[in-house]
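> pasting a predicted model and its sequence here:
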Amino acid sequence: MKLSDAAKILNGELKGEDALFYGASTDTRSIQAGQLFFAWKGDKHDAHNFLDSIEAQGAIGAIVERYTPSVNISQIVVKDSQKALGILAKEWKKQWKGTAIALTGSNGKTTLKEMIASILREKGQTLATEGNYNNHVGCPLTVLKLTDQHEYAVIEMGANHFEEIRYLTKIVQPNVAIVNNAGPCHLEGFGSIEGVAKAKGEIFEGLAKDGIAIINADDDYAKYWLGINTDHKIMTFGIRNDADVMAKNIQKQSFELVIHGESIHVNLPLVGVHNILNACAAAAATYSVGVTLAEIKQGLENLHCVKGRLEKIQLSPNHILINDAYNGNPASLKAGIDALEGIADHTWLVLGDMRELGDLAVSMHEDCGRYAKVKGFDQLLALGELSQKSAEAFGEGGRHFTSHDDIIATLQENLKAIQNESVAILVKGSNSMKMFVVAEAMMKQ
């Protein structure tokens, strides 16, 4: 796209020479030659003050809210650079000819995204959201990476308040949209799980009339999502309830994938029944755009574990670490606890606070502590005031710590004492609790 075309789309004024640009960035540290830079004033920094650095890195131009004549780089002056990012991404997506799959949910979004991308790569070149680029900035930046070479796009959408997913899905305009599940996360913004379900359901508003809605038949809010998709084609997935796509004859991570009566055997390289349900969601989404069962099987079995999300690490012949420290909420924690059932002689939980749970934070942490005990965990090592409630509810074997270092030292000491017995350690917590520090220290040891 030319800078002059972008200026017309944005109702902005181009100052400087016209040129073609490829992709975009909002970070002066990572911008690449040929890209367009979006500058705005944040809480701590004003990106307009760093335009000289993007010039040195080969940026083609910048979207700005105020013109900087001292910088020898083309600039498009607009009223609001953040809004301009979304507007340009929406137009960019309209001009792209491939197939887009958008997804959201309370738990498993990133794993589901990686499953879908792994399957689609069996068919053609696929762009997928990187890392946690799933918000009002990351999502349009991902869209602006699309080229004529990409046949598929897999776009993850996250939110902590109403209207956010509505905004994103109208930028992406997906051919297929998925709500994976609704659970207790970001309750401070959504108020209740029902609020979460409604906010996640906004993703279907971006679908065209011939778009396909993928719905979890096992979720408590399936009926609601079905009800708001009467104008769309629907494909359901599940394990417990009848659905278009199902997993049957489950034996650990081996199962029969059944789609409209056809079946194929799959050996999934990820732990947990919830990941088998994720696999069904990925199968539904890709089958709906023409992928065969054989290609779905190949894509799922070629999948690599996502770092920090139920990542299985062998610490020693008898000891394994399940690194699920990227983020945490009660539903994903319970899924992780379930995934460790029967995996070792001893199971330990290292838990940091789970944030943004509103008024239910204390009771939910207590419930998770009791759940871990019922599921046979031997120890619960807690960090943070809320997780202390989990340790107290856990009872014998529950301990509260004030630092990552103390937890690490305790784990190392306890593992030395039972070298001849198998141990599985689950590390979990909200990203802000930095529980990855524990996981990384154990891996180094």
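Sure, I can see it.

> now do the strands in the stretch 51-200 of the chain.
61-64, 74-77, 99-104, 126-128, 152-156, 176-179 (DSSP state E, counting those that start in this stretch).

> just the ones you listed: most buried one?
Mean neighbour counts were taken over those using mean count of other C-beta atoms under 10 Å, and the top value, a mean of 28, falls to strand 176-179. (Glycine included, C-beta is placed from N, CA and C.)

> helices or strands next to the lowest-mean-pLDDT helix or strand in the chain in the packing?
Comparing helices and strands within the chain by mean pLDDT, DSSP states H and E singles out helix 187-190 as the least confident, with a mean of 78. When contacts are defined as 3 or more C-beta pairs under 8 Å, 6 or more residues apart in numbering; DSSP states H and E, helix 187-190 sits against helix 193-201.

> residues of the next helix-or-strand element following the helix it packs on that come out buried?
Tracing the chain C-terminally past helix 193-201 and defining elements by DSSP states H and E, one meets strand 212-216 next. Residues of strand 212-216 classed as buried under the neighbour-count rule (16 or more other C-beta atoms under 10 Å) are Ile212, Ala213, Ile214, Ile215, Asn216.

> nearest to Ile228 among those?
Top of the list for closeness to Ile228, among these and by C-beta to C-beta, is Ala213 at 8.6 Å.

> that closest one - nearest residue in space that isn't next to it in sequence?
Counting by C-beta to C-beta, 6 or more residues apart in numbering, Asn229 is the residue found nearest to Ala213 once chain neighbours are left out, at 4.2 Å.

> quick one: residues contacting the one you found.
Applying C-beta atoms under 8 Å, 6 or more residues apart in numbering, we find Asn229 in contact with Phe204, Ala213, Ile215.

> which residues touch the second one?
For Ala213, the contacting residues are Val176, Ala177, Ile178, Phe204, Leu207, Trp225, Asn229, His232, Lys233, Ile234, Met235, taking C-beta under 8 Å, 6+ apart as the criterion.

> let's have those in JSON lines, adding pLDDT and distance to Phe377.
Shown next, in JSON lines, are these (pLDDT from 0 to 100; distance: C-beta to C-beta, whole Å):
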{"residue": "Val176", "pLDDT": "98", "distance to Phe377": "38"}
{"residue": "Ala177", "pLDDT": "98", "distance to Phe377": "37"}
{"residue": "Ile178", "pLDDT": "98", "distance to Phe377": "32"}
{"residue": "Phe204", "pLDDT": "98", "distance to Phe377": "38"}
{"residue": "Leu207", "pLDDT": "96", "distance to Phe377": "42"}
{"residue": "Trp225", "pLDDT": "98", "distance to Phe377": "34"}
{"residue": "Asn229", "pLDDT": "97", "distance to Phe377": "40"}
{"residue": "His232", "pLDDT": "95", "distance to Phe377": "42"}
{"residue": "Lys233", "pLDDT": "96", "distance to Phe377": "43"}
{"residue": "Ile234", "pLDDT": "97", "distance to Phe377": "39"}
{"residue": "Met235", "pLDDT": "98", "distance to Phe377": "37"}
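
> tell me the one of the residues you listed nearest Asp5?
Minimum separation from Asp5 among the contacts of Ala213 (C-beta to C-beta) is found for Leu207, which lies at 27.0 Å.

> for the closest one, give me its contacts.
Contacts were defined as C-beta under 8 Å, 6+ apart; by that measure Leu207 touches Thr169, Pro174, Asn175, Val176, Ala177, Ala213, His232.

> so what's the backbone phi/psi at it?
For Leu207, the backbone dihedrals are phi -70, psi 140 (criterion: degrees, to the nearest 10).

> hang on, the earlier thing: against Gly201, how distant is the residue nearest to Ala213?
For Asn229, the distance to Gly201 equals 9 Å [C-beta to C-beta, to the nearest Å].

> likewise Asp359?
Computed with C-beta to C-beta, the distance linking Asp359 and Gly201 is 23 Å.

> which of these two has more neighbours?
Set Asp359 next to Gly201 and count neighbours by other C-beta atoms under 10 Å: Gly201 wins out with 23 against 10.

> contacts only, for the residue nearest the centre of the chain.
Ranked by distance to the mean C-alpha position of the chain (C-alpha atoms, centre = their mean), the top residue is Thr110 at 3.2 Å. Applying C-beta under 8 Å, 6+ apart, one finds that Thr110 lies in contact with Asn132, Glu156, Val306, Arg309, Tyr326.

> what's the burial count for the first one?
For Asn132, the number of neighbouring residues by other C-beta under 10 Å comes to 14.

> and for Gly191?
When neighbours are counted by other C-beta under 10 Å, Gly191 comes out with 15.

> give me the pLDDT for it.
Here the pLDDT value assigned to Gly191 is 84.

> tell me how many other residues crowd the closest residue to it other than its chain neighbours.
With sequence-adjacent residues excluded and distances taken as C-beta to C-beta, 6+ apart, Gly191 is closest to Gly358, at 7.5 Å. Using other C-beta under 10 Å, the number of residues around Gly358 comes to 14.

> equivalent analysis for Cys305, please.
Residue neighbour count, defined by other C-beta under 10 Å, stands at 17 for Cys305.

> could you check how far it is from Gln253?
Per C-beta to C-beta, Cys305 is found 12 Å from Gln253.

> and if you look at Cys139?
31 Å.

> more neighbours, those two?
Cys139 (27 against 17).

> next, the distance between the ends of stretch 236-254.
Length of stretch 236-254, first residue to last, C-alpha to C-alpha, to the nearest Å: 21 Å.

> cool, and stretch 38-46?
With C-alpha to C-alpha as the measure, the first residue of stretch 38-46 is 11 Å from its last.

> got the contact list for it?
With C-beta under 8 Å, 6+ apart as the contact definition, stretch 38-46 has outside contacts at 24-26, 47-48, 50-51, 62-65, 80-82, 84-85.
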